[in-house]
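**Student:** after the sequence you'll find the predicted model.
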Amino acid sequence: MKRRIVVALTGASGSIYGVRLLQELQNAEDIETHLIVSKAAYLNLSTECEIDRKRIESLADVAYSDKDIGAPIASGSFKTDAMVIAPCSMKTLAGVATGLAGSLITRAADVVLKERRRLLLLTREAPLNLIHLRNMVTVTEMGGIVFPPVPAFYLGLDSLEAMIDQTVARLLELIGVESPLLKRWEGLKKPL
């Protein structure tokens, strides 16, 4: 049986992270992806990546409307292994932190948390205000992983694409998917 990974894209900037994540998950033969894209995320996909609804949905095995509260992934009895929200807006973070499951994205995240499954939120905002920080703490206390896409400059990555791929590879590792994209720290080349 394939492992089921839920991928959600929200209206935060950085939709390329969700796109690259879906592309990499397509390479894993033992993964079945379930995609949810918010209305605002479709706008960002068009603006930032020139990707339309049909193209993004073709990257997943199953795609749902964010309004489809009756979707299988809205129930804990539908077995999933992990959920990644990439990018995750502060609105979505707030919904997850407070249990406001008014969309399929926030309902699926609520299910993942209540079933004690892995939830990763690639939060996108800067600077952060106090409510953002408190919501991040709340989600972390509930078992979620808050993962801002901070570049690993110490690896000497030479392009924006390499930095995006490194972040995606770290997300994949956190949900138990090996990726050839991951560059690991091997220590200083010259001792101090």
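**Tutor:** Here it is on my side, so go on.
**Student:** going by C-alpha atoms from here, please, whenever you check contacts or count neighbours.
**Tutor:** Fine.
**Student:** now tell me what touches stretch 168-182 from outside.
**Tutor:** Stretch 168-182 is contacted from outside by 17, 20-21, 24, 28, 82, 118, 120, 165-166, using Cα atoms under 8 Å, 6 or more residues apart in numbering.
**Student:** flag the least confident of the residues you listed.
**Tutor:** In terms of pLDDT, the lowest of the contacts of stretch 168-182 is Ala28, showing 93.
**Student:** in a helix, it, correct?
**Tutor:** No. Assessed by DSSP: H, G, I helix; E, B strand; the rest coil, Ala28 does not belong to a helix; its assignment is coil.
**Student:** show me where this protein has its helices.
**Tutor:** Ranges of helices in the chain, per DSSP state H, are 15-26, 39-44, 53-58, 90-98, 104-114, 130-141, 160-174.
**Student:** make JSON lines out of these and add mean neighbour count and distance to Phe147.
**Tutor:** Shown next, in JSON lines, are the helices of the chain (neighbours: other Cα atoms under 10 Å; distance: least, Cα to Cα, whole Å):
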{"stretch": "helix 15-26", "mean neighbour count": "21", "distance to Phe147": "12"}
{"stretch": "helix 39-44", "mean neighbour count": "19", "distance to Phe147": "18"}
{"stretch": "helix 53-58", "mean neighbour count": "13", "distance to Phe147": "22"}
{"stretch": "helix 90-98", "mean neighbour count": "21", "distance to Phe147": "12"}
{"stretch": "helix 104-114", "mean neighbour count": "24", "distance to Phe147": "15"}
{"stretch": "helix 130-141", "mean neighbour count": "16", "distance to Phe147": "10"}
{"stretch": "helix 160-174", "mean neighbour count": "19", "distance to Phe147": "8"}
